[in-house]
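*Asks:* pasting the structure only:
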RNA sequence: GCGCCGGUAGCUCAGUGGAUAGAGUGUCUCACUCCGAAUGAGAAGGCCGCGGGUUCGAUCCCCGCUCGGCGCACCA
């Protein structure tokens, strides 16, 4: 595909500007208003070095860029050089390319041969998988897909919270009140019940806490009974988590959680000691980070057991040795900002220069309407599975109303309902906090997943109404692309053209919402095109040209939705 | 108290060191004998939190303030 910025930069480039071709290219922008061209080059910055007014510079540059079959108009307005692309040229350039590449459109190979780890979702065993977990799960999954599209070898890791003193409590609670048959039926709700009961009872009888600590020590020592129980909890919980992952269409390459690293911790403590980073403070072992304004990172409690930072250091070292990652991403809530800063600083002090490739990808807080934070202890949670089921049920209701005869209504309402939830989650910048409301999450009007999917369905419908011969011709590009010069078609094509750079941008910034937004714009323009122009016209040449654009749009929507982790149905 | 993050239309949110700040939603209109109306078009709605500074140019960068969220040693 032709890169218009490259061509413009080459035309503009000259030694007297004092800028490299790449610098010029990066200065080329897309004007806010299309009447000011498709690309623009601002000349303000050149005024100083060239000692001429920016208007004059712009006029000179505009003179230099040749009007040809690619650019039909080049003009100077104030300090800007505005370049107008010939609509048939970009139509042929872009639409042909997309139809040729199909599902490969938008992919690149810049990540060839590089490993990237994405640590995401990471729920705690024996605790509910609730809406607080949706963000890491869905954002992390999309980041995986985005990097895969860039050619990286992605390792998606579910760093399960499957270790720690809480399991001592769980073991004690299970011994006291546990029933196997309850556990089998509803593992997590049951385990959570035991857990809350433990906390209630422990308040009356503090000896329970001692018992729990003891149980955890026995677990760490590998005592059979405790290990067996722990394995049971882990297995049952995973089974339940996997049900949700299956609904969401998410898979992982590794489930190495906290327990996996437990035997790698002593070596880390030893290493910190040898590097003279550890010091004792109030009976505990810490790394003093005061001089970096990061307080103190606690490595070992006064009772000798490890902590969050310790485990994450062990994890990072293991991952570097095992995968030799180019990047190691942690999709974890912004509440943990300080923890990750401390952790990075300690790795840095240990002399690991790859610390710079370890990146915390934070996201904002989800709260409930009454201002409360989701709390496992209080039992005030909305289960992710319930949310997904509700969304599917609502979708099915809508479908029964609008399109009752549709085959496979259950499959499609799953795709649309769950797609709506995912899309909504990936719509805003991840750093923003939000308040969960059923109204919002179950709203399918406007800039939503169903809107984009509907657009895909529309495009599919039109293609179904065409003959095989027409479709083949549209695919091969045996058509006259000048029929795609109407305003909405032209604007749509420009959006399709930018998809590869949008994907790259979204990946570089770990921000799937950039793609989500672009996808909404594409859908809006397609719907506008659909209304502005009749597609299945009698004129055969025109019809095939328009079908080629419908096809290209359908491909781009499906590819982009896939990068968000959403299916693109043919009907709905 | 200190640190990090956020404040843009009634509401939910995009946006960029550059040209007249944009969507969706809500409100009020209009458009199905026509490829699927989960759609499209139009109207209305703005001291871009406040005050300074840097710059040819600031909603964007810097400083101060303010409001909201989060965090600040034996949880993760």
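*Replies:* Sure thing, it's come through. Owing to the predicted nature of the structure, the values given are computational and were not obtained by experimental measurement. Residues are numbered from 1 along each chain as shown, chains lettered A, B, ... in the order given.
*Asks:* ok, now which ones touch the closest residue to RNA strand B within the stretch 51-200 of chain A?
*Replies:* When distances are taken as C-beta to the nearest atom of the strand, the stretch 51-200 of chain A approaches RNA strand B most closely through residue A:80, which lies 3.4 Å from it. C-beta: built from backbone N, CA, C; applies to glycine. Contact analysis of residue A:80 by C-beta atoms under 8 Å, 6 or more residues apart in numbering lists A:31, A:36, A:40, A:41, A:42, A:43, A:58.
*Asks:* from RNA strand B, how far out is the second one?
*Replies:* Same thing as residue A:36. Going from residue A:36 to RNA strand B by C-beta to the nearest atom of the strand, to the nearest Å gives 4 Å.
*Asks:* got a list of what that residue touches?
*Replies:* For residue A:36, counting by C-beta under 8 Å, 6+ apart, the contacting residues are A:77, A:80, A:82.
*Asks:* the last one should be in a strand, yeah?
*Replies:* So that's residue A:82. Yes. Read with DSSP: H, G, I helix; E, B strand; the rest coil, residue A:82 is one of the residues of a strand.
*Asks:* ok, now which ones touch it?
*Replies:* Each residue near residue A:82 by C-beta under 8 Å, 6+ apart is listed here: A:31, A:36, A:37, A:39, A:40, A:62, A:74, A:75, A:76.
*Asks:* can you check the first one too?
*Replies:* By C-beta under 8 Å, 6+ apart, the contact list for residue A:77 reads A:36, A:58.
*Asks:* could you give the bridge partners of it?
*Replies:* With DSSP bridges applied, the residues forming beta bridges to residue A:77 are residue A:80.
*Asks:* re earlier: I'd like the contacts of residue A:80 as JSON lines, with pLDDT appended.
*Replies:* As requested, the contacts of residue A:80 are arranged in JSON lines below (pLDDT from 0 to 100):
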{"residue": "A:31", "pLDDT": "92"}
{"residue": "A:36", "pLDDT": "91"}
{"residue": "A:40", "pLDDT": "94"}
{"residue": "A:41", "pLDDT": "94"}
{"residue": "A:42", "pLDDT": "93"}
{"residue": "A:43", "pLDDT": "92"}
{"residue": "A:58", "pLDDT": "93"}
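*Asks:* in helices, which of those residues fall?
*Replies:* Using DSSP state H, the subset of the contacts of residue A:80 located in helices is residue A:58.
*Asks:* of the contacts of residue A:80, which is the most crowded?
*Replies:* Compared across these, residue A:41 has the highest neighbour count, 28 neighbours, by other C-beta atoms under 10 Å.
*Asks:* does that residue have beta-bridge partners, and which?
*Replies:* If you apply DSSP bridges, the partners that residue A:41 bridges to are residue A:81.
*Asks:* any idea how far RNA strand B is from it?
*Replies:* Computed as C-beta to the nearest atom of the strand, the residue A:41 to RNA strand B distance reads 8 Å.
*Asks:* residues contacting that residue?
*Replies:* Under the criterion of C-beta under 8 Å, 6+ apart, the neighbours of residue A:41 are A:8, A:12, A:24, A:27, A:28, A:29, A:58, A:61, A:80, A:81, A:83.
*Asks:* quick one, phi/psi of the second one?
*Replies:* Think residue A:12. Backbone torsions for residue A:12, taken as degrees, to the nearest 10, come to phi -70, psi -40.
*Asks:* that one against residue A:61, yeah?
*Replies:* Yes. Counting by C-beta atoms under 8 Å, a contact exists between residue A:12 and residue A:61, whose distance comes to 5.6 Å.
*Asks:* okay, and the common contacts of those two?
*Replies:* Shared contacts of residue A:12 and residue A:61, defined by C-beta under 8 Å, 6+ apart, comprise A:41, A:81.
*Asks:* contact residues of the stretch 301-450 of chain A facing RNA strand B?
*Replies:* A:301-303, A:307-308, A:311, A:334-339, A:364-365, A:367, A:371, A:373, A:395, A:398-399, A:402-403, A:416, A:427-429, A:431-434, A:440, A:444-447, A:450 (C-beta under 7 Å from any atom of the strand).
*Asks:* same thing but 6 Å
*Replies:* Residues of the stretch 301-450 of chain A found near RNA strand B, taking C-beta under 6 Å from any atom of the strand as the criterion, are A:301-302, A:307-308, A:335-339, A:365, A:373, A:395, A:398-399, A:402-403, A:416, A:428-429, A:431-434, A:444-447, A:450.
*Asks:* do the same with the stretch 101-250 of chain A
*Replies:* When proximity is defined as C-beta under 6 Å from any atom of the strand, the stretch 101-250 of chain A approaches RNA strand B at A:161, A:164, A:165.
*Asks:* by neighbours, which of these wins?
*Replies:* Within these, neighbour counts (other C-beta under 10 Å) peak at residue A:164, which reaches 20 neighbours.
*Asks:* can you give me the distance of that residue to residue A:335?
*Replies:* Residue A:164 sits 18 Å away from residue A:335, going by C-beta to C-beta, to the nearest Å.
*Asks:* picking that back up, got a PyMOL select line for the buried ones in the contacts of residue A:41?
*Replies:* Only the buried members of the contacts of residue A:41 enter the following PyMOL selection, criterion being 16 or more other C-beta atoms under 10 Å:
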select buried, chain A and resi 8+12+24+27+28+58+61+80+81+83
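*Asks:* just the closest residue of chain A to RNA strand B, please.
*Replies:* In chain A, the residue that lies nearest RNA strand B is residue A:446 (2.4 Å; C-beta to the nearest atom of the strand).
*Asks:* just to be sure, that residue is in a helix?
*Replies:* No. Assignment of residue A:446 by three-state DSSP gives coil, placing it outside any helix.
*Asks:* OK, contacts around the closest residue to residue A:46 other than its chain neighbours?
*Replies:* Leaving aside its sequence neighbours, residue A:46 sits nearest to residue A:57 (C-beta to C-beta, 6 or more residues apart in numbering; 5.1 Å). With contact set as C-beta under 8 Å, 6+ apart, residue A:57 has these partners: A:43, A:46, A:47, A:50, A:79.
*Asks:* next, count neighbours for the third one.
*Replies:* Think residue A:47. Residues near residue A:47, counting by other C-beta under 10 Å, number 16.
*Asks:* neighbouring contacts of the helix or strand where it lies?
*Replies:* When secondary structure is defined by DSSP states H and E, residue A:47 falls within helix A:46-50. Counting by C-beta under 8 Å, 6+ apart, the neighbours of helix A:46-50 from elsewhere in the structure are A:16, A:17, A:18, A:19, A:52, A:53, A:54, A:57, A:79.
*Asks:* could you chop chain A up by domain?
*Replies:* Taking automatic domain parsing as the domain assignment, the ranges for chain A are A:4-85, A:121-260+A:325-368, A:384-564.
*Asks:* would you turn those into JSON lines with distance to residue A:278?
*Replies:* Output for the domains of chain A, formatted as JSON lines (distance: least, C-beta to C-beta, whole Å):
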{"stretch": "domain A:4-85", "distance to residue A:278": "46"}
{"stretch": "domain A:121-260+A:325-368", "distance to residue A:278": "10"}
{"stretch": "domain A:384-564", "distance to residue A:278": "33"}
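*Asks:* residue A:97 is nearest to which of the ones you listed?
*Replies:* Nearest to residue A:97, of all the domains of chain A, is domain A:384-564, at 8.5 Å by C-beta to C-beta.
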